[in-house]
Structure formats: structure tokens, C-alpha cells
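Peer 1: From the sequence below, what's the structure:
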Amino acid sequence: CGVGGIAAQPDQYTIRAGTNITKPLLSKQTQAKSDILHITITDLHDERWHVPPSLFPESSFAAGYVSQKKPEAAAYDLSYASTPFSFAVTRAGVENSTAIFSTRGHRLVFKEQYIELNSAIEANSSLFGLEEHTASTGLRLQREGRPLTMWNHDTLSANADTNLYGSHPFVLEVRPDGSSHGILMLNSNAMEVGLTEDTLSWRMTGGIIDVYVLMGPTPSQVLQQLTAIIGRPALPPLWSLGFHQCKWGYKHVEELADVVAKYKAADIPLEVMWTDIDYMDGYRDFSLDPNNFSKGKMQASPHICVAAVAFVKQLHSSKQYWVPIVDPGIKVDPGYPAYDEGLAAKAFVNDFTGKPYLGQVWPGATHFPDFLSKAGVKYWADQLQAFHQLATFDGLWIDMNEASNFCTGDVCHMPTQGATANASAWLTTSSCAGSSNDCQLTCDTPEDLAKLTPQQQLYRDPPYRINNAKGQLLGHNTIGTTATHADGSLEYNAHNLYGLSEAVATHSALEKITGKRPFILSRSSFLGTGAVSAHWTGDNAATWADLRWSITTTLGMGLVGVPFVGADICGFLGNTTEELCGRWVSAGAFYPFARDHNTLGAAPQELYLWESVADAGRRAIKMRYQLLPHLYTAFHQANKLGTPVARPLWFAYPQDPATHAIDDQWLFGDVLVTPILDEGQTKREGYFPKGKWYSLFDNTTIDAHDEGKSAALDLPMGHVGVHMLGGTILPLQQAALVTADVRTSDLTLLVALPHLEPLPAFAATSETPSCNQQTGFRADGSMSQQSSTEKVSAQAQLTLPCAGRKLLTRSDSQPVMQQGRDVEGASPVQKCGGSEAGRATACGHIYMDDGHQLQVGLAADNEIDMSAEVVQDAVSGSWHGRLHVSFQQTDAGNTECGSVSWPNINNVVVKGLPLHSKVVHVRAGPPSMTSVVAAEQASFGCCMLVCVHADT
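Peer 2: Take a look at the predicted model:
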């Protein structure tokens with residue numbers, strides 16, 4: 001029950017007490033059957049700061065959603081003691097169950113500016129989450145007692161083991177048997193989370209204890225529960241899944257056009273061209289440099305005849321896109337519309353004196369919009385509307401939104417005459433901060449600090465000092481913590497929400513401006529960011545260590561509800577090398593978000609600059625584009641269930657303890673990616689969980705059907721391991737240079753059979769293929785397969801007309817394949833593939849829509865299920881099979897057709913049948929299909945591919 005029939009409304013338990021919590025009061029209200037327990041500890045009158053519900057989607061529990069479903073039995077038991085106060089959560093109905101969350105024997109502290117909550121954790125479990133950090137020790141959290149800091153800060157992600165751009169106070173615990181649960185602390189104040197072998201400690205500098213216990217019991221169910229609270233991830237527009245190119249330092253629009261042309265000439269896919277702050281007029285938001293990026297050059301105008309260099313128009317005509325950067329800092333510049341209108345609307349954050357807070361970023365002196373106020377949100381939408389009329393951007397990149405500030409202070413002033421060569425000139429120059437991020441404001445003078453009240457002094461430097469930026473005060477290089485928002489909220493409490501609130505405001509504005517699904521990329525993040533924005537991992541470096549760290553940071557963000565994430569391919573800081581860039585694009589092509597980006601002054605690193613890197617890019621990115629229907633379906637699954645798109649192996653195989661420490665391989669949807677991450681290497685070991693794995697690049701197979709195992713992979717420069725699991729069906733399309741051309745190309749269904757277990761009578765005579773056998777299905781759905789000396793195929797076209805009914809008959813029985821995988825919470829692909837003696841099945845799933853519609857498709861023709869079955873004949877021993885393709889019954893029960901334009905399925909390839917199976921075909925078409933059409937065929941050694949390509 002609950003949201004979308006997936007998660008239940010959490011039961012509400014509120015423990016209210018005074019400052020010292022000497023006599024807590026527990027009230028219990030059961031609202032529904034639940035796998036989410038919500039416990040709140042706050043002051044008696046509930047007057048303390050808490051995270052505003054308005055920042056979360058209306059359908060989320062954090063926004064106050066209440067399920068109308070009929071209550072059912074809870075998945076947990078809650079027990080508590082009053083003296084001393086403690087509580088414990090265990091799994092309901094499980095005898096001798098180890099506590100999921102227990103404060104017994106641990107202290108609870110509740111002070112004005114210090115709250116501490118401790119709970120026991122199992123010593124041999126694996127812990128994940130608590131982003132955002134670049135952890136030098138890997139994805140799995142270490143438990144040596146060193147606290148992790150939650151305070152958004154503009155620090156290079158190349159700096160390991162410090163707090164970065166986002167705060168996600170959520171822990172996912174996976175126990176050795178695979179059972180999993182999560183602990184979410186919905187608190188935006190500065191905090192530290194300490195982990196030891198047996199204790200989880202939350203230490204917060206304000207707010208309330210607002211904890212959710214997520215019962216799982218599988219990793220994917222934990223993510224379903226998490227995103228039911230903070231919001232399901234947004235389904236991105238299809239085009240944003242293509243390859244992106246950016247650089248800080250593109251000098252003029254002609255250089256942008258040259259880069260686009262060279263990608264095309266090199267036959268490397270390119271979907272989106274980005275511009276950093278170079279395009280702006282003096283780094284002012286919502287402006288174009290009048291010389292190098294003028295409107296005439298960037299955008300066709302009826303009054304300016306410059307169509308040859310109307311860059312954005314050219315991109316759009318080529319089915320490509322443009323995304324510019326927009327920072328929150330608005331330049332202090334009378335006469336600049338964004339500044340004047342912000343002042344008039346009272347749209348900026350104020351310092352403690354009541355004046356707009358003055359900071360400094362790239363344009364010089366700046367004010368910061370107040371995204372927690374209605375005035376600030378409207379102001380931002382108005383500015384974006386005007387900017388879109390000036391230059392028709394397709395998405396927005398919101399950076400520097402921690403918020404970053406080159407100065408540190410609660411009150412700052414413009415420099416006096418003599419502090420700079422000319423203070424008034426410094427105010428208006430277009431390059432004052434272009435070459436330096438040194439603060440040129442005058443901040444926190446003795447006169448200013450004398451005006452602070454004792455309580456405000458404690459907001460600047462609270463009694464409990466977290467380890468911010470390795471020893472800095474909370475206000476270091478950001479908006480001062482004594483600053484205030486229009487509703488009276490203190491930046492001390494709301495700081496971690498600045499990036500999220502900007503993303504929410506931007507998402508809402510772009511929906512109204514474009515009428516399409518927005519694409520937004522945000523650097524700063526908080527719980528719920530995935531519902532409105534993508535994220536990149538920030539300012540990494542062109543080093544082999546950063547390449548390796550990029551995997552863990554990408555996987556980590558997916559585990560906190562932000563699945564659309566990736567790192568700067570080839571590295572942002574410093575000069576990359578040919579080998580590093582080649583290896584990076586081979587891996588980065590399988591990030592959910594794939595973009596090449598580097599910094600001002602660094603050597604260019606466009607993929608076409610080295611032939612070996614160009615080859616690596618073509619190979620990996622074209623495979624990404626072939627997998628586009630699978631990738632888009634994975635994002636749709638994330639939107640429905642909250643599951644990551646890039647998944648650690650343990651996410652699908654939690655019962656396999658060997659997967660818990662692996663963070664240099666990942667599942668891209670349901671495809672296993674194994675890259676080279678070390679300099680000079682061309683071979684590596686990869687772990688393959690239980691099952692039969694088929695390479696998508698060649699005919700190699702790794703058979704781990706008895707148990708998971710490591711296998712050596714030969715991966716020369718330009719190669720990356722990409723394997724599909726037996727028991728799955730992957731939808732593929734033809735690679736192209738842009739996603740629009742991929743979207744309209746014919747579909748190929750790639751069927752990978754699991755390990756075939758022969759009937760007992762044929763166990764001694766059954767042969768294993770000497771290479772990866774590929775078999776074609778006939779157009780009517782029947783399967784054909786021969787030895788290498790015979791040829792057979794069929795020719796016809798499988799179309800998918802929507803008539804509010806199933807296209808082909810589905811199998812009556814689809815066995816669940818355990819194999820140590822997360823079956824109950826798994827993707828559709830993981831649920832139904834399997835094998836038994838004399839029989840094997842495979843399945844798959846495709847979601848498709850127009851790629852940009854605002855509402856996620858719920859029509860009968862938005863989703864297709866695929867299943868294949870092969871059976872061994874009890875008399876002859878030959879294998880035969882059939883394919884089923886059907887429209888899926890949607891959650892809403894909708895049988896009406898939408899307007900989905902499905903491509904034709906013109907090719908089906910099967911991997912994994914024995915060499916000497918006889919030619920058989922079993923009809924799987926609708927009753928009206930009564931004949932099989934003969935056709936041409938092709939055979940390649942022991943591997944045969946049958947193409948189906950006629951009309952209806």
C-alpha cells in the first residue's frame with residue numbers, strides 16, 4: 001500500500017520532551033500497514049526548526065502525504081522503556097531477531113545546539129550511504145570511529161575524506177545474509193555521523209530528531225521506502241542520456257561549433273554541448289557576452305542575418321542540445337536587470353542587519369536569491385523566462401549552489417577606496433573575479449561583530465564544532481550562518497537546503513517555460529534532490545585515483561536517491577593523458593550521466609584529439625547508445641521504485657558476501673560493467689555473481705552457474721568488460737550520433753539463456769557450445785537454431801500495434817530464479833529468468849514514451865514485457881523454444897492506448913543454445929498469424945544471426 005501501491009504510509013510515533021528530555025512523552029498513532037517507522041523527538045511545543053515539507057514532492061511522506069490505503073500489519077515491532085528512556089525496533093514475527101535500531105544502553109542528549117542519538121549496529125554488517133564524500137577507502141563505510149561531516153561545502157571532490165557539496169544523512173545496512181534496512185535522519189543542520197564496530201552515532205547542532213527506520217528487507221526495497229519519503233527520482237528527458245561535452249574556457253561560439261563538427265567528423269556520438277561561465281557578459285547570470293557569444297551568434301534572430309553562426313539553431317536542426325551554466329550569485333550592478341529586479345522584489349537572502357547579504361563569486365560582489373521565499377522563487381522563474389527568450393537553452397546547469405562564496409563573513413561591505421585600485425571600478429568591471437577567487441570585500445569588522453547577540457555568536461561558532469572542511473567554521477566560504485530568509489529561517493539551520501531549494505525552484509520554472517520534462521544538473525544536493533535534478537560529482541582531477549573514486553561517488557549517490565549522476569570524464573583539474581582519458585571514457589560511457597569536462601587553462605581533452613581515445617569513445621559510447629532502450633527503462637524503474645541506475649553488485653546480490661566489498665564494477669541497469677582503472681594494465685580480474693554471463697562485445701562466456709567466481713578479462717586499450725546475465729532479454733537499437741536517430745531505429749531483442757540443465761536421459765550426451773551460440777527467432781515468434789553447417793532464418797516484421805490488449809501470448813509460468821539475488825525487490829529482468837532440467841527461461845522489459853513529455857506514461861502501450869522459453873524434447877533431446885512479447889498491464893490498470901511510436905522489432909538474437917539442436921519453431925503469434933515466411937539466412941562459424949526485416 002502507499003505511494004503507487006509500492007510503499008506504505010509510515011506509522012507515526014512522536015516523542016515530545018523539553019530541552020533536557022527528563023520526562024519524555026510517547027504517543028503512538030497507527031495509520032497503515034507499514035515497512036517504515038517514523039520517530040520524532042522534539043521540544044514540548046514543537047517550535048524547533050525542521051526541514052520544510054514544501055521542498056519535497058506532494059506524493060512523498062516528507063511532504064505530509066497520508067496514504068488512504070487500508071491499514072495492514074506492520075513489518076516491525078517497537079518497544080521502549082521510560083527510565084532511562086530508550087527504544088528498539090525489530091522485525092515483526094521473527095524470533096530472536098537482532099534489533100534493526102536500538103538505543104538501549106546508549107545515551108540520548110537533547111540540547112539547544114547539540115543533539116546526540118546513538119544506536120547499536122551489527123558488527124559484521126556492511127554500511128553504505130552518508131554522502132557526499134570522496135572516500136579513499138571505497139564505497140563501504142569504514143567503522144573506525146572517524147565521523148563523517150554533513151555540511152555542504154565548495155571543496156574539490158579531488159580532495160578525499162572531507163565533506164563535499166551534498167548532505168544525505170541516510171545509512172543503508174546490509175547484513176551477511178543479505179537482509180537490509182535503512183536509517184534516515186531528516187535533519188538539515190550541521191551534523192557528524194560516527195561509526196564504530198557496534199555503534200551508529202548521530203550528532204547534530206540543531207533541529208530535531210526526525211528518524212525513519214526503513215525495514216527493507218532487500219536493498220531495492222529500502223530504496224523504494226527511502227524515495228517514498230523524500231520523493232521518487234525524476235525521469236530525465238531521453239536526450240539527456242546521450243553524451244555531453246563541456247569545457248571551462250571555450251573562448252567563443254565558433255569554437256563550440258568547431259568542437260561539434262569535429263565530433264561528427266570523428267564519428268563519435270555527441271548529444272549536448274555545454275557552456276561554462278565564458279558565455280556570460282562579465283559573468284552576469286542571464287546574459288550573453290556581446291562579442292564572443294552574442295545573441296546573433298548563439299540564437300537566430302529575425303533582425304540579424306547570421307544564420308550561418310546561429311549556434312543553438314544549428315544544434316537543434318541537428319537534433320542536438322545546448323545547456324548553459326547559471327550560478328546563484330547575482331552581480332551587484334545598478335542597471336543590471338537581474339540585480340535591480342531582485343532588490344525591488346526583496347528576493348535576496350539578508351544578513352543579520354536586515355540588508356541583502358553581500359558575498360563574492362565570479363562576477364564580483366553578489367547577492368544570493370532566497371529560494372525558501374515565494375518572492376525569491378517567483379523572481380528566479382521570471383529571470384529564467386527572460387533568459388529563455390534571449391537564448392533558447394534546453395536544460396540548465398546550476399553550479400556554486402552550496403552556496404559558494406569567495407569571502408567568509410556574517411556581514412561584508414564593498415571595499416573602500418584604496419582597498420583596491422578603484423573600488424567603484426571593481427564593482428562594475430567584467431573581469432574582477434575572472435582570474436582570482438580571493439576575497440576583495442571587507443568582512444566582519446569589529447564594529448559589525450559587536451552588533452551580534454550572544455545567541456548569534458553561537459550560530460557563528462556553535463558549542464559543538466563539526467569538522468567542516470578539515471577544521472573551518474560553518475560560515476567558511478559560504479553565506480554567513482546568521483543570515484536570514486524571508487520566513488525568518490536562519491542560514492544556520494537551512495544552509496544544507498540551498499542547493500535543493502534552487503533545484504526545486506528551477507525545476508518548477510522550466511516545466512512552465514518549456515512545457516517539457518526539465519533537465520537540470522546541480523552540484524549541491526540534499527535528500528530529495530533526485531526528484532528534481534541530476535548531479536555530477538564536482539571538481540575531480542585528471543588522475544588514476546580520481547578515475548577509481550568516480551565509481552564509488554557515482555554509486556554512492558544512487559544509494560541516496562540520486563540515480564542520474566556521473567563524474568567529469570577524463571578529469572576536471574589538470575592535464576589528462578591519452579591512456580587515462582581512453583580508460584576513463586570506456587568506464588564513463590556507463591555512468592548514468594556521461595559528460596567530458598575540464599577546467600580553464602587545462603589542455604583540451606575532447607575525445608577526438610587522440611585516435612586511441614576516439615576509438616575508445618566510439619566503442620563505448622556507441623554501446624551506450626545501443627543500450628539506450630534498456631537505460632531509459634532503468635531510469636523509468638528508478639522513477640517508479642527509486643532503484644539506482646548504476647548499482648553496486650551487492651544491490652542485486654545481497655546474499656553473496658563476496659559482492660559487499662566490490663566497488664570497481666557495477667551494474668548499468670542489469671548489465672555488468674568491468675573497466676580497467678589502473679595505469680598500464682590491459683588485464684584484470686572481475687567478479688561474476690552466480691549465473692551465466694555473456695559479453696556484449698564478443699562471443700566470450702563466463703559460466704558461474706554453480707556459484708559466483710572471479711574471471712580474468714583481457715581488456716586492451718579501448719575495451720571495457722560489458723556482460724549480460726543469462727536469463728535476461730536486452731532491447732538494443734542501432735547506434736547513431738544522436739539519440740533521436742537511435743530512438744527511431746529498429747529494435748533487436750538479445751536473448752541470453754541461463755545455463756541449460758539437460759533432462760536426466762540426455763545428461764551424458766549433452767554438449768556445451770564451443771563458442772557463444774547465437775540463434776534467431778522467426779517472425780512469428782518461433783525459435784530456429786542449427787549446427788554451424790546448416791543455415792536457416794525467417795523474414796517478416798514484428799510490429800507492435802496498440803489495441804489495448806496483449807500482442808502475443810505470455811507464458812503461464814515464469815519461475816523465479818533465486819541464485820542469491822534480490823528477487824523480491826529486483827528489476828523485472830531479475831525476477832523471471834531461470835532454469836531447471838530440460839527447461840530455461842529469459843525475460844526483459846521495455847518502457848518507451850516520446851522522451852520529453854511531462855507526465856510519465858501510463859498508457860497500455862508504454863511498456864512491453866518480453867519472455868522466452870526453451871524446452872528440451874524428451875524423445876529427441878533437441879531444444880526448441882518460443883518468444884512472447886506483450887504490452888504490460890500498467891499499475892493504473894489502464895487499457896487505453898497512448899500515442900507511443902514504437903520502432904519495429906526486426907531482429908532477435910539468442911545466446912546459449914547447444915550446437916547440435918535441431919531446427920524447430922513453435923508458433924507464438926496471435927491466432928490470426930497462420931504461416932511462417934521463409935527468407936534469407938546467414939551463418940558465422942558456430943554463431944548464427946537471423947534477421948527479420950519484412951513488412952507486415
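
Peer 1: quick one, domains of the protein?
Peer 2: Residue ranges for the domains of the chain, per automatic domain parsing: 11-125+175-230, 643-725, 746-952.

Peer 1: just flag whichever of these has the lowest average confidence.
Peer 2: Lowest mean pLDDT within the domains of the chain: domain 746-952, a mean of 59.

Peer 1: Now do the strands in the stretch 301-450 of the chain.
Peer 2: Assigned by DSSP state E, counting those that start in this stretch, the strands in the stretch 301-450 of the chain fall at 321-326, 330-331, 359-361, 364-367, 396-398, 412-413, 442-443.

Peer 1: for the record, mean pLDDT for the first one?
Peer 2: Translated: strand 321-326. 98.

Peer 1: Ok, the fifth one next?
Peer 2: Mean per-residue pLDDT for strand 396-398: 99.

Peer 1: got it, and the fourth one?
Peer 2: Looking at strand 364-367 alone, the average pLDDT works out to 98.

Peer 1: Can you tell me the strand partners of that strand and which way each runs?
Peer 2: strand 330-331 (antiparallel), strand 359-361 (antiparallel) (DSSP bridges).

Peer 1: Need the CA coordinates for it. CSV is fine.
Peer 2: The C-alpha coordinates for strand 364-367 follow below in CSV (Å, rounded to 0.1, in the frame of the first residue of the first chain):
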residue,chain,number,x,y,z
GLY,A,364,32.5,40.2,-8.1
ALA,A,365,30.2,41.4,-5.4
THR,A,366,26.9,39.5,-5.4
HIS,A,367,23.6,38.9,-3.6
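
Peer 1: quick one on the thing from earlier: in CSV: the strands of the stretch 301-450 of the chain, plus distance to residue 244 and mean neighbour count.
Peer 2: All C-beta spots, glycine's among them, are computed from the backbone N, C-alpha and C. Output for these, formatted as CSV (distance: least, C-beta to C-beta, whole Å; neighbours: other C-beta atoms under 10 Å):
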stretch, distance to residue 244, mean neighbour count
strand 321-326, 8, 23
strand 330-331, 27, 28
strand 359-361, 24, 26
strand 364-367, 27, 26
strand 396-398, 10, 23
strand 412-413, 36, 20
strand 442-443, 37, 18
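
Peer 1: follow-up on the earlier one: quick one: which of the strands paired with strand 364-367 is nearest residue 725?
Peer 2: Residue 725 sits nearest to strand 359-361 of all the strands paired with strand 364-367, at 47.5 Å, using C-beta to C-beta.

Peer 1: contacts for the closest one?
Peer 2: Strand 359-361 has contacts (C-beta atoms under 8 Å, 6 or more residues apart in numbering) with 327, 329, 365-368, 400, 403-407, 412, 433, 437, 439-441, 479.

Peer 1: element containing residue 131?
Peer 2: Assessed by DSSP states H and E, residue 131 sits inside strand 126-133.

Peer 1: who does that strand touch, helix- and strand-wise?
Peer 2: Packing partners of strand 126-133 (3 or more C-beta pairs under 8 Å, 6 or more residues apart in numbering; DSSP states H and E): strand 148-150, strand 163-174, helix 544-558.

Peer 1: Any chance of CSV for the strands paired with strand 364-367, columns mean pLDDT?
Peer 2: Formatted as CSV, the strands paired with strand 364-367 follow (pLDDT from 0 to 100):
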stretch, mean pLDDT
strand 330-331, 99
strand 359-361, 98
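
Peer 1: if I pick the residue nearest the centre of the chain, what's in contact with it?
Peer 2: Nearest residue to the geometric centre of the chain (C-alpha atoms, centre = their mean): residue 563, 1.5 Å. Contacts for residue 563 (C-beta under 8 Å, 6+ apart) come out as 233, 530, 557, 592, 635, 638, 643, 644, 645, 646.

Peer 1: In terms of distance to residue 195, which of these ranks first?
Peer 2: Minimum distance to residue 195 across the contacts of residue 563 is 19.1 Å, recorded for residue 557 (C-beta to C-beta).

Peer 1: thought that closest one was touching residue 133?
Peer 2: No. Assessed by C-beta atoms under 8 Å, residue 557 is found out of contact with residue 133, at 10.7 Å.

Peer 1: quick revisit: which one of the strands paired with strand 364-367 lies nearest to residue 96?
Peer 2: Using C-beta to C-beta, the nearest of the strands paired with strand 364-367 to residue 96 is strand 359-361, at 56.5 Å.

Peer 1: In the stretch 501-650 of the chain, mark out all the strands, start to finish.
Peer 2: Using DSSP E, counting those that start in this stretch, strands in the stretch 501-650 of the chain cover 520-522, 525-526, 534-536, 565-566, 568-569, 594-596, 646-647.

Peer 1: Out of those strands, flag the one nearest residue 552.
Peer 2: That would be strand 646-647 among these, by C-beta to C-beta, at 10.8 Å.

Peer 1: which other residues reach that closest one?
Peer 2: 554, 555, 558, 563, 565, 590, 591, 592, 666, 667, 668.

Peer 1: what's the closest of these to residue 755?
Peer 2: Residue 755 has its nearest neighbour among these in residue 667, at 19.6 Å by C-beta to C-beta.

Peer 1: and the nearest residue to that closest one once chain neighbours are set aside, how many neighbours does it have?
Peer 2: Nearest residue to residue 667 in three dimensions, chain neighbours excluded: residue 647, at 4.2 Å (C-beta to C-beta, 6 or more residues apart in numbering). Residue 647 has 26 neighbours, counted by other C-beta atoms under 10 Å.

Peer 1: Please apply the same query to the one 10 residues further on.
Peer 2: Neighbourhood size, residue 657 [other C-beta under 10 Å]: 18.

Peer 1: same thing with residue 82?
Peer 2: 10.

Peer 1: Please apply the same query to the one 5 residues further on.
Peer 2: Neighbour count of residue 87, defined by other C-beta under 10 Å: 22.

Peer 1: now do residue 41
Peer 2: By other C-beta under 10 Å, 22 other residues sit near residue 41.

Peer 1: Doesn't it belong to a strand?
Peer 2: Yes. Residue 41 sits within a strand when classified using DSSP: H, G, I helix; E, B strand; the rest coil.

Peer 1: Give the closest residue to it in space, chain neighbours not counted.
Peer 2: Per C-beta to C-beta, 6+ apart, closest to residue 41 is residue 209, 3.8 Å.

Peer 1: The one you found contacts residue 48, correct?
Peer 2: No. Counting by C-beta under 8 Å, residue 209 does not reach residue 48; the two are 10.1 Å apart.

Peer 1: which of the two has more neighbours?
Peer 2: Taking other C-beta under 10 Å, residue 209 and residue 48 do not tie; residue 209 has more neighbours (20 against 15).

Peer 1: any idea how far the more buried one lies from residue 61?
Peer 2: According to C-beta to C-beta, to the nearest Å, residue 209 stands 16 Å off from residue 61.

Peer 1: before we move on, back to that, tell me which residues of the strand holding residue 131 are tucked away?
Peer 2: Residues 126, 127, 128, 129, 130, 131, 132, 133 are the ones in strand 126-133 that count as buried (16 or more other C-beta atoms under 10 Å).

Peer 1: what angle do that strand and helix 544-558 make?
Peer 2: Counting by axes from the mean of the first three to the mean of the last three C-alpha atoms, to 10 degrees, strand 126-133 lies at 110 degrees to helix 544-558.

Peer 1: now strand 126-133 against strand 163-174, angle please.
Peer 2: Using the same axes, to 10 degrees: strand 126-133 against strand 163-174 is 160 degrees.

Peer 1: Strand 126-133 pairs with which strands, and in what direction?
Peer 2: Sheet pairing for strand 126-133, using DSSP bridges, gives strand 163-174 (antiparallel).

Peer 1: So what's the gap between the partner strand and the chain middle?
Peer 2: With C-alpha atoms, centre = their mean, to the nearest Å as the basis, strand 163-174 stands 14 Å off its chain's centre.

Peer 1: mean confidence score for stretch 248-259?
Peer 2: What stretch 248-259 shows for mean pLDDT is 96.

Peer 1: got the end-to-end distance for it?
Peer 2: Taking C-alpha to C-alpha, to the nearest Å as the measure, stretch 248-259 stretches 13 Å from start to finish.
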